[in-house]
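*Asks:* After the sequence you'll find the predicted model.
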Amino acid sequence: MEYDREKVDEVVLALLWLTLGGDGRAWKSHDWEALDRLHERGYISDPKTKAKSVVLSEEGERRARDLFARHFGGGS
């Protein structure tokens with residue numbers, strides 16, 4: 001099935017904001033291809049580790065917060 005990968009990446013990043021802890025880590029239980037693309041863009045740490053979470057970069061946190069507000073009406 002064809003789908004808009006950019007929209008998927010936006011929603012995955014927004015959902016990472018939802019599970020973001022005070023230490024900057026978020027659960028990585030999302031589509032692996034989307035996580036790889038987010039890593040390539042510098043928004044998250046490398047998801048290919050044994051850790052169950054990824055670290056969001058400063059830019060990644062900012063973008064995730066904005067996308068969560070846009071798609072789900074909150075995030076602040």
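*Replies:* Thanks, I have the structure now.
*Asks:* For residue 74, report the pLDDT, please.
*Replies:* Note for residue 74: predicted pLDDT of 54.
*Asks:* Can you name the residues that contact residue 52?
*Replies:* 27, 28, 29 (C-beta atoms under 8 Å, 6 or more residues apart in numbering). In short, each C-beta sits where N, CA and C put it, glycine included.
*Asks:* neighbours around the spatially closest residue to the first one that is not a sequence neighbour, how many?
*Replies:* For residue 27, ignoring the flanking residues on the chain, the nearest one in space by C-beta to C-beta, 6 or more residues apart in numbering is residue 19 at 4.4 Å. The number of residues packed near residue 19 is 13, by other C-beta atoms under 10 Å.
*Asks:* Which parts of this structure are helices?
*Replies:* Here the chain has its helices, by DSSP state H, at 5-18, 32-40, 58-72.
*Asks:* For those, give me a markdown table that also has mean neighbour count and distance to residue 46.
*Replies:* Output for these, formatted as a markdown table (neighbours: other C-beta atoms under 10 Å; distance: least, C-beta to C-beta, whole Å):
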| stretch | mean neighbour count | distance to residue 46 |
| --- | --- | --- |
| helix 5-18 | 18 | 14 |
| helix 32-40 | 17 | 6 |
| helix 58-72 | 17 | 13 |
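*Asks:* Same list (the ones you listed) but as TSV, adding distance to residue 50.
*Replies:* Formatted as TSV, these follow (distance: least, C-beta to C-beta, whole Å):
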stretch	distance to residue 50
helix 5-18	18
helix 32-40	14
helix 58-72	21
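*Asks:* Figure out which of those helices is closest to residue 48.
*Replies:* helix 32-40 (7.9 Å; C-beta to C-beta).
*Asks:* what about the closest residue to residue 64 other than its chain neighbours, distance to residue 1?
*Replies:* Nearest residue to residue 64, sequence neighbours excluded (C-beta to C-beta, 6+ apart): residue 17, at 3.7 Å. Residue 17 is 26 Å from residue 1, where distance means C-beta to C-beta, to the nearest Å.
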